[in-house]
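# could you work out the structure for the sequence below:
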Amino acid sequence: MAKATNNKKDIKNTKGFEEVLWDAANKLRGSVESSEYKHIVLSLIFLKFISDKFEKQREKLVAEGMGDYVNMVDFYTKDNVFYLPEDARWSFIQKQAKQDDIAVKIDTALHTVEKNNASLKGALPDNYFSRLGLDVSKLAALVDTINNIDTIANECHMTEEDLVGRVYEYFLGKFAANEGKGGGEFYTPKSVVTLIAEMLEPYKGKIYDPCCGSGGMFVQSLKFIDSHKGSKKNISIYGQEYTSTTHKLAKMNLAVRGINGNLGDVAGDTFFKDQHPDLKADYILSNPPFNQKQWRAENELVDDPRWSGFEVPPTGNANYAWIMHMISKLSENGTAGFVLANGSMSSNTGGEGTIRQKIIENDLVDCMIALPGQLFYTTQIPVCLWFITKNKKENTELGYRDRQGETLFIDAREMGTMVSRVHKELTTDDIAEIAKTYHAWRGEKKDGKYQDIAGFCKSATLEDIKANDFVLTPGRYVGAAELEDDGIPFEVKMKELSQTLYSQMEQAEELDKAIRQNLEVLGYGR
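Numbering: from 1, shown residues only. This next block holds a predicted model:
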């Protein structure tokens, strides 16, 4: 049997391998909608990845003198490797790539993989390739391109999970940028996710996302743990996603990184089919749908326990339903960080102002951040970050001071760097500055002593917020940035400005005179 790593071309040292894949995927244009081919590409990358891991494990067994056990499932699953029957292996697919029934063979392979590995139940597309009626030559070309990537990436100084995860991140971002709203429903910009993770520092406990999309919040949480020398064994992941195809993407996205997570048995509406009813999470990271309209009928969910202590959220906008849902899911010391449209900070429509007032009076709002525009691929709506906590009391274990009755406001609207004509990203330094400000305010000594900075950050009291009618817009609290003193005395500066103004006024009079003369010449005099 041919190995999955035979005849590999080195495409990493020329054009970026993600770009090569993207070019190959674009060849499917005209055959299927772009909203469809993301599932084609990512499913094939997934199949290639697990096949390479299978072949590597198979070779290891043979090298260790255990050739008699190469077809025994347990000798693969013990090392978190999926066992693949022959017709589910990439080598089989690659050999059959030019055949007219290649779409059927890919569907069969994916079905076989799922059937033989319980952790992938509901994760892979079902008869997806066959239903699309793909052009065989274009599909074969895509298979050939993916075949050129060796996902066993030790020579790249990355783990295979890092390599394939990098491809996933690249593709999800590209699909979001190219598809607009349809792609961005399941993709949160990486810099925003990174900021939330750096703020919350999810080292251990239960991590939850009630609308997890493709799983980006989970992935970034684990990257945070890795970068800070923590252990993945100390966390457990829970999530839910409404859209079936995106739910599958999330499961695959976690699987390629070796992450076990409970994303519910099926895709489902979080409000009407909560698949984690008893969950109490230590960390919630989320990007709920903005300003979701008609999410429930007038007579639905009116007595839901998630609204207990607040008010029933309006039918015309689900923003506060998401907030109250997340509050209900927090553990006694839990903290949530999530993205919402700016309107959530000040709206009074449908009783939202009353709900916000009760959330504030219950001292649940830890920090509010106004983000710069153009961060999202899918919307130009200005957005903000909310940080909600169940406990602001002193915590000596974590190094938090007593913050009861206080809320931190950060105005980050002037941050970020344009990376394209229409898209902005928060830089590493931006993220570090915001996160350090938050940690210092919480009292963490490693981040120094906190102080208010005009135009950027302000620690406000409940009385301050009450005086501002319970509006949470950071600009109301941080004030204007102080102007740097240029050292020029006021009298000198005023004299210079006055002379400039007089000169400009004289020029304006001369221009007015010239315009009148021209109008008279044209016969339009008074």
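# what's the span of stretch 68-84 from first residue to last?
16 Å (Cα to Cα, to the nearest Å).
# pull out the buried residues from that stretch.
Neighbour-count burial for stretch 68-84, with 16 or more other Cβ atoms under 10 Å as criterion, is recorded at 75-77, 81-84. Yep, even glycine has a C-beta here, placed from its N, CA and C like the rest.
# between the residues you listed, which is closest to Leu132?
Nearest to Leu132 among the buried residues of stretch 68-84: Leu84, at 23.4 Å, using Cβ to Cβ.
# all strands of the stretch 251-400 of the chain, in order?
261-262, 281-286, 330-341, 365-370, 383-389 (DSSP state E, counting those that start in this stretch).
# for the chain, same thing?
205-209, 235-239, 261-262, 281-286, 330-341, 365-370, 383-389, 406-411, 417-418, 424-425, 457-461 (DSSP state E).
# redo those as a markdown table? Include mean pLDDT and mean neighbour count.
Shown next, in a markdown table, are the strands of the chain (pLDDT from 0 to 100; neighbours: other Cβ atoms under 10 Å):
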| stretch | mean pLDDT | mean neighbour count |
| --- | --- | --- |
| strand 205-209 | 97 | 24 |
| strand 235-239 | 95 | 22 |
| strand 261-262 | 92 | 18 |
| strand 281-286 | 97 | 25 |
| strand 330-341 | 96 | 21 |
| strand 365-370 | 98 | 24 |
| strand 383-389 | 97 | 22 |
| strand 406-411 | 98 | 24 |
| strand 417-418 | 94 | 12 |
| strand 424-425 | 92 | 20 |
| strand 457-461 | 98 | 19 |
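# would you format those as TSV with distance to Asp447 included?
Formatted as TSV, those follow (distance: least, Cβ to Cβ, whole Å):
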stretch	distance to Asp447
strand 205-209	21
strand 235-239	23
strand 261-262	30
strand 281-286	19
strand 330-341	16
strand 365-370	14
strand 383-389	16
strand 406-411	13
strand 417-418	23
strand 424-425	23
strand 457-461	13
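# longest helix anywhere in this protein?
Counting by DSSP state H, the longest helix found in the chain is helix 490-521.
# one step back: just the buried residues of stretch 68-84: which has the poorest pLDDT?
By pLDDT, Thr77 ranks lowest within those, coming in at 84.
# that residue contacts Tyr83, correct?
Yes. Between Thr77 and Tyr83 there is a contact at 6.5 Å, judged by Cβ atoms under 8 Å.
# what touches both of the two?
Common contacts of Thr77 and Tyr83, defined by Cβ atoms under 8 Å, 6 or more residues apart in numbering, comprise Asn117.
# contact partners for Ala63?
Here Ala63 is in contact with no residue (Cβ under 8 Å, 6+ apart).
# before we move on, what about Tyr76?
Per Cβ under 8 Å, 6+ apart, neighbours of Tyr76: 54, 57, 82-83.
# what separates it from Val70, distance-wise?
9 Å (Cβ to Cβ, to the nearest Å).
# hang on, the earlier thing: among the strands of the chain, which is nearest Val143?
Using Cβ to Cβ and comparing the strands of the chain, the one that lies nearest Val143 is strand 261-262, at 29.0 Å.
# please identify the pairing partners of that closest one and their relative orientation?
Partners of strand 261-262 in the sheet, by DSSP bridges, are strand 235-239 (parallel).
# where does the stretch 101-250 of the chain dip in pLDDT?
Across the stretch 101-250 of the chain, the ranges flagged by pLDDT under 70 are 152-166, 168-169, 172, 176-187.
# quick revisit: distance to Met494 added to the strands of the stretch 251-400 of the chain, as JSON lines?
JSON lines is the format used below for these (distance: least, Cβ to Cβ, whole Å):
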{"stretch": "strand 261-262", "distance to Met494": "65"}
{"stretch": "strand 281-286", "distance to Met494": "52"}
{"stretch": "strand 330-341", "distance to Met494": "44"}
{"stretch": "strand 365-370", "distance to Met494": "34"}
{"stretch": "strand 383-389", "distance to Met494": "40"}
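# which among the ones you listed is found nearest to Gly475?
Closest among the strands of the stretch 251-400 of the chain, once you apply Cβ to Cβ, is strand 365-370, at 6.5 Å.
# what packs against the closest one?
If you count contacts as 3 or more Cβ pairs under 8 Å, 6 or more residues apart in numbering; DSSP states H and E, strand 365-370 packs onto strand 383-389, strand 406-411, helix 428-442.
# partner strands of it, parallel or antiparallel?
Sheet partners assigned to strand 365-370 using DSSP bridges are listed as strand 383-389 (antiparallel), strand 406-411 (parallel).
# that strand vs strand 330-341, what angle?
Counting by axes from the mean of the first three to the mean of the last three Cα atoms, to 10 degrees, strand 365-370 lies at 20 degrees to strand 330-341.
# quick check: phi and psi on the nearest residue to Val422 once chain neighbours are set aside?
What sits nearest to Val422 in space, not counting adjacent residues and going by Cβ to Cβ, 6 or more residues apart in numbering, is Gln374, at 6.4 Å. Note on Gln374: backbone dihedrals following degrees, to the nearest 10 are phi 70, psi 20.
# Gln374 contacts Glu425, correct?
No. Using Cβ under 8 Å, Gln374 is not in contact with Glu425; the gap is 9.2 Å.
# what touches both of the two?
Gly416.
# before we move on, the earlier item: any idea which of the strands of the chain gets closest to Glu198?
In terms of Cβ to Cβ, the element of these nearest to Glu198 is strand 330-341, at 9.8 Å.
# name every strand pairing with the closest one and say which way it goes.
Partners of strand 330-341 in its sheet, by DSSP bridges: strand 281-286 (parallel), strand 383-389 (antiparallel).
# alpha carbons only: can I get it in PDB?
What follows is strand 330-341, C-alpha atoms only, in PDB (Å, rounded to 0.1, in the frame of the first residue of the first chain):
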ATOM      1  CA  LEU A 330     -21.600  31.200  35.200                       C
ATOM      2  CA  SER A 331     -20.300  29.400  38.200                       C
ATOM      3  CA  GLU A 332     -20.000  31.200  41.600                       C
ATOM      4  CA  ASN A 333     -16.700  32.700  40.600                       C
ATOM      5  CA  GLY A 334     -17.200  32.600  36.800                       C
ATOM      6  CA  THR A 335     -16.400  35.300  34.300                       C
ATOM      7  CA  ALA A 336     -17.800  35.900  30.800                       C
ATOM      8  CA  GLY A 337     -16.300  37.900  28.000                       C
ATOM      9  CA  PHE A 338     -18.400  38.400  24.900                       C
ATOM     10  CA  VAL A 339     -18.900  40.700  21.800                       C
ATOM     11  CA  LEU A 340     -22.100  42.700  21.300                       C
ATOM     12  CA  ALA A 341     -23.200  45.600  19.100                       C
END
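# what sits against the nearest residue to Thr243 once chain neighbours are set aside?
The shortest distance from Thr243 to any residue other than its chain neighbours is 6.1 Å, reached at Ala267 (Cβ to Cβ, 6+ apart). The contact partners of Ala267, taken as Cβ under 8 Å, 6+ apart, are 241-244, 246-247.
# now the helices for the stretch 251-400 of the chain?
Secondary structure of the stretch 251-400 of the chain by DSSP state H, counting those that start in this stretch: the helices cover 319-329, 352-361.
# so of those, which one's packed in deepest?
helix 319-329 (a mean of 23; mean count of other Cβ atoms under 10 Å).
# could you give the angle of it to helix 352-361?
If you take the same axes, to 10 degrees, helix 319-329 sits at 30 degrees to helix 352-361.
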